[in-house]
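A.B. asks: sharing a model prediction with you, sequence too.
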Amino acid sequence: GNSVTQMEGPVTLSEEAFLTINCTYTATGYPSLFWYVQYPGEGLQLLLKATKADDKGSNKGFEATYRKETTSFHLEKGSVQVSDSAVYFCALKDNNNDMRFGAGTRLTVKP
Amino acid sequence: KAGVTQTPRYLIKTRGQQVTLSCSPISGHRSVSWYQQTPGQGLQFLFEYFSETQRNKGNFPGRFSGRQFSNSRSEMNVSTLELGDSALYLCASSLANGGISREQYFGPGTRLTVT
């Protein structure tokens, strides 16, 4: 079945550091890929998405590129801020509307 | 446009009781999904409803059930509560059936504590 694997956290960075959170997936066909963010005490918010190979999703300085050859969708940001501290979830959705989430990666950014 | 709303936000129940959680999707959204989030298991899919019909179901016991009304509002019910049911229950809505690129919009969740 479909699955999403994220790098284990927690990840702790200093402000303005470069962020990468790895995400790989297993799926048949051509799923859509998503990154969601969850701030403390809140539900998940869509951060970005990509719907086909080589698409790049971007939002708020975050980027991720849909790499079919490596079945990956790594999240990157060039300079993180304290306000980026949250839990990040990678997810996929297949043609059957089946949505799968990774385990989540907790990011803490220190001033 | 109002977001996904969930009520109540916090709930404390005793083992053996039952509980009903409510979710109102974004206006115009007809698909509603439910998830259980725990520190140990992460986000686990419970079920999805579209046009008052359950389309998908996760791997949860029959104590977990749900329904959707004609206005797309959804409820989920957990009977005979167990300590392990303590979790954040998230509801998510999306625009329509199908549409692989359709993202889900999440509510703030209901924090259920079973004592």
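C.D. replies: Arrived safely, thanks for sending.

A.B. asks: tell me the mean pLDDT for stretch B:2-16?
C.D. replies: Here stretch B:2-16 scores 95 as its mean pLDDT.

A.B. asks: show me what counts as buried in that stretch.
C.D. replies: Buried residues in stretch B:2-16, defined by neighbour count with 16 or more other CB atoms under 10 Å in any protein chain shown: B:3-4, B:6, B:13. Yep, even glycine has a C-beta here, placed from its N, CA and C like the rest.

A.B. asks: pretty sure residue B:18 sits against residue B:82.
C.D. replies: No. With contacts defined as CB atoms under 8 Å, residue B:18 does not count as touching residue B:82, sitting 11.5 Å away.

A.B. asks: what pLDDT does residue A:41 get?
C.D. replies: With respect to pLDDT, residue A:41 scores 81.

A.B. asks: what's the separation between it and residue A:64?
C.D. replies: According to CB to CB, to the nearest Å, residue A:41 and residue A:64 sit 25 Å apart.

A.B. asks: over to residue B:95?
C.D. replies: Counting by CB to CB - residue B:95 and residue A:64 are separated by 22 Å.

A.B. asks: neighbour count: these two, which is higher?
C.D. replies: Taking other CB atoms under 10 Å in any protein chain shown, residue B:95 and residue A:64 do not tie; residue A:64 has more neighbours (27 against 16).

A.B. asks: and the more buried one, what are its bridge partners?
C.D. replies: residue A:57, residue A:75 (DSSP bridges).
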